[in-house]
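Peer 1: sequence unknown, structure follows:
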């Protein structure tokens, strides 16, 4: 099996150790956080009611339980425990547009590995895990459940959809599943307060998908992992190039002016994409497939 074209189970399982080197994504609270190791970014109180006790001098008066105080005729306060886990939901693009690379691994392989790393990070932290893995023609949804019970299902979906790509590539099946389509179905399964990771090249981000992301962002934290091949930075100075896409082929001579035009167009597209996602309140991480994925995640997550 060519590891640049598809992942295998051994690769996904081996990511468990590397995942320990990741910082917790926004909103996740690792073990020990209550001792002051990390500031919680949870929306709202992030607290669960624990018990009542009598008011003592110096207690926060905002914690007084007025119903208990009236009933017992003396001041009582409510005690809370901080929530220790936050659901993690992965949305992973494994469509034909992701089956591309000029060197190193394909965008689809990079996306699968990132999904594996984040899934294992969730497992280490004990956060509930859910996912939506999708191709051009189908998708698989997993509700947020305990990572010990759900991690195998999530990794199986990533593996299945990723390994289908080399076989499907020659046929270039017309796409019937869009990012909007997946978001419409996944959003119903994502609990409020979740951390959502969308791993894609976002080639079909449009107004409807932006509206869905904006609605989701109002109740969840979202990080976008924009997967890209840095072809525009590695183009030769000149020469003949050939390209094939969805049954169409083209050959052309690369001139210095055309090279600059391609680089400017790509840079403009990536910048525009980042601005659109950032305006929605989404954290954007650009991931170059030919560079070390773990190091990029350590900087961005």
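Peer 2: The structure has been received and is ready for your questions. These figures come from a predicted structure and were not determined experimentally.
Peer 1: drop to CA atoms for contacts and neighbour counts, all remaining ones
Peer 2: Noted.
Peer 1: Now the spatially most central residue of the chain: which helix or strand?
Peer 2: Geometric centre of the chain, nearest residue: residue 197, 1.8 Å, by CA atoms, centre = their mean. According to DSSP states H and E, residue 197 maps onto strand 195-200.
Peer 1: What mean pLDDT does stretch 273-285 get?
Peer 2: The average pLDDT for stretch 273-285 rounds to 94.
Peer 1: list the buried ones in that stretch?
Peer 2: By 16 or more other CA atoms under 10 Å, the buried positions in stretch 273-285 come out as 273, 274, 277, 280, 281, 282, 283, 284, 285.
Peer 1: Any idea how far apart the tips of it sit?
Peer 2: 11 Å (CA to CA, to the nearest Å).
Peer 1: neighbouring contacts of it?
Peer 2: Contacts of stretch 273-285 with the rest of the structure, by CA atoms under 8 Å, 6 or more residues apart in numbering, involve 210, 213-214, 217, 221-226, 297, 300-301.
Peer 1: Which ones among those residues map onto helices?
Peer 2: If you go by DSSP state H, these have 210, 213, 214, 217, 297, 300 in helices.
Peer 1: which of these lies closest to residue 134?
Peer 2: Closest approach between those and residue 134, by CA to CA: residue 213, at 16.9 Å.
Peer 1: what stretches of the chain score poorly on pLDDT?
Peer 2: Scanning the chain with the threshold set as pLDDT under 70 gives 1-2, 24-50, 80-85, 170, 172, 232-233, 243-248, 300-301.
Peer 1: tell me the domain ranges of it?
Peer 2: Residue ranges for the domains of the chain, per automatic domain parsing: 9-22+85-228+282-300, 47-82.
Peer 1: Take these and lay them out in a markdown table including distance to residue 259.
Peer 2: Formatted as a markdown table, these follow (distance: least, CA to CA, whole Å):
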| stretch | distance to residue 259 |
| --- | --- |
| domain 9-22+85-228+282-300 | 16 |
| domain 47-82 | 54 |
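Peer 1: Out of those, which is the most enclosed?
Peer 2: Of all the domains of the chain, domain 9-22+85-228+282-300 has the most neighbours on average by mean count of other CA atoms under 10 Å, namely a mean of 20.
Peer 1: centre of the chain versus it, how much separation?
Peer 2: The chain centre lies 5 Å from the centre of domain 9-22+85-228+282-300; the measure is CA atoms, centre = their mean, to the nearest Å.
Peer 1: cool, stretch 58-77 as well?
Peer 2: That offset, for stretch 58-77, works out to 43 Å (CA atoms, centre = their mean).
Peer 1: Quick one: end-to-end distance for it.
Peer 2: Terminal residues of stretch 58-77 are spaced 12 Å apart (CA to CA).
Peer 1: Any chance you could list what contacts it?
Peer 2: For stretch 58-77, the external contacting residues (CA under 8 Å, 6+ apart) are 52, 53, 54, 55, 78, 79.
Peer 1: In terms of helices and strands, where is residue 182?
Peer 2: Using DSSP H and E, residue 182 sits in helix 179-186.
Peer 1: can you pull the contacts of residue 240?
Peer 2: Residue 240 sits next to 251, 252, 253, 254 when contact means CA under 8 Å, 6+ apart.
Peer 1: which SS class is it?
Peer 2: Of the three states, residue 240 takes strand under DSSP: H, G, I helix; E, B strand; the rest coil.
Peer 1: any idea whether the closest residue to it other than its chain neighbours is helix, strand or coil?
Peer 2: Take residue 240 and drop its neighbours on the chain: the residue closest to it by CA to CA, 6 or more residues apart in numbering is residue 253, 4.4 Å away. Following three-state DSSP, residue 253 is assigned to strand.
Peer 1: Good, we can wrap up now.
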